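[1] coords please:
(one chain, ligands or ions: 1)
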Amino acid sequence: MKIYHAPRSRSLRVLWAAEELGAPYETVSASFARPDEDFLAANPAGTLPAMVDGDVVMTESVAIMMYLASKHGPTPLAIEPSDPRYSDYLQFMLFGEASLAAPLNAMVGTKLLAPEDQKENFTANIITRSFHRRLSLVERQLERGDYMVGDQFTLADISVGYALSLADMLMLGDVSDAIKAYAQRLTARPAFQRAAAVP
Ligand SMILES: N[C@@H](CCC(=O)N[C@@H](CS)C(=O)NCC(=O)O)C(=O)O
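    Numbers count the residues shown, from 1 in each chain. So this is what the prediction gives:
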């Protein structure tokens with residue numbers, strides 16, 4: 001399995017999941033700012049990650065994690081649909097990207113690329129406020145256990161954990177102690193550290 005990767009991009013989710021699963025992979029360095037031909041052949045949209053596994057080509061980080069869990073499972077990282085906790089698993093797996101990380105793409109542009117006098121603007125402030133409001137759902141979950149699915153670490157935590165690290169990178173402001181402790185639990189995992197060390 002080949003993963004097009006850049007450090008701190010969403011390909012980190014895929015590497016982290018592969019490390020947790022013990023799934024073998026190789027990485028290909030890629031840049032969404034300057035995509036080369038090989039990367040664009042795998043993902044014409046030029047977004048990271050892209051994964052090529054034989055004839056299978058996928059470009060959504062959360063979907064790739066679910067694919068890996070199916071392929072290399074059964075695994076405690078994935079909750080089965082018959083399990084009463086499946087709804088939490090599904091909810092936070094998708095929430096991590098759709099509700100938390102996706103809106104932050106606009107903040108990457110604003111904080112990192114926009115001219116100095118356009119870094120503070122109405123939309124950026126709305127996105128930041130909304131991100132913090134949405135974290136209340138993560139906090140409510142943490143009142144029930146250490147992870148998004150009670151006390152079981154799952155792919156949903158990789159999904160949400162990446163969004164937290166992106167917000168931290170963008171310096172979107174302080175988060176609650178519960179979120180800080182949760183982020184520390186996640187980044188302390190050896191599989192995360194191995195994935196984060198991949199250049
Ligand atoms: N929903 C996609 C989002 C992919 C995405 O936006 N990746 C960022 C890098 S972390 C990117 O390629 N941004 C450049 C762009 O949107 O053109 C996923 O979870 O994989």
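
[2] Near R185, how many other residues are there?
    R185 has 16 neighbouring residues, counting by other Cβ atoms under 10 Å. C-beta here means a position set from N, CA and C on the backbone, and glycine is covered the same way.

[3] and it, what helix or strand is that in?
    If you go by DSSP states H and E, R185 is part of helix 177-187.

[4] Same check on I3?
    With DSSP H and E as the criterion, I3 is inside strand 2-5.

[5] still on that earlier bit, ok, then the element right after the helix holding R185?
    Scanning forward in sequence from helix 177-187 by DSSP H and E, the next helix or strand is helix 190-196.

[6] That following helix packs against which elements?
    Using 3 or more Cβ pairs under 8 Å, 6 or more residues apart in numbering; DSSP states H and E, the elements in contact with helix 190-196 are helix 11-21, helix 177-187.

[7] Residues in contact with the last one: which ones?
    Pointing back at helix 177-187 there. For helix 177-187, contacts defined as Cβ atoms under 8 Å, 6 or more residues apart in numbering pick out 135, 138-139, 142-143, 146-147, 157-158, 161, 164-165, 168, 175, 192-193, 196.

[8] List the buried residues for it?
    By neighbour count on 16 or more other Cβ atoms under 10 Å, the buried set for helix 177-187 is 179, 182-183, 185-186.

[9] Same question for the first one.
    Buried positions in helix 11-21, judged by neighbour count with 16+ other Cβ under 10 Å: 11-21.

[10] picking up where we left off before, drop anything exposed from the contacts of helix 177-187.
    Listed as buried from the contacts of helix 177-187 are 135, 138, 142, 146-147, 157-158, 161, 164-165, 175, 192; burial here means 16+ other Cβ under 10 Å.

[11] Between all of the residues you listed, which two are separated the most?
    For the buried ones among the contacts of helix 177-187, with distances taken as Cβ to Cβ, the pair at the greatest spread is L135 and F192 (19.7 Å).

[12] For the ligand, see how far away L100 is.
    Remark: distance between L100 and the ligand (Cβ to the nearest ligand atom, to the nearest Å) = 11 Å.
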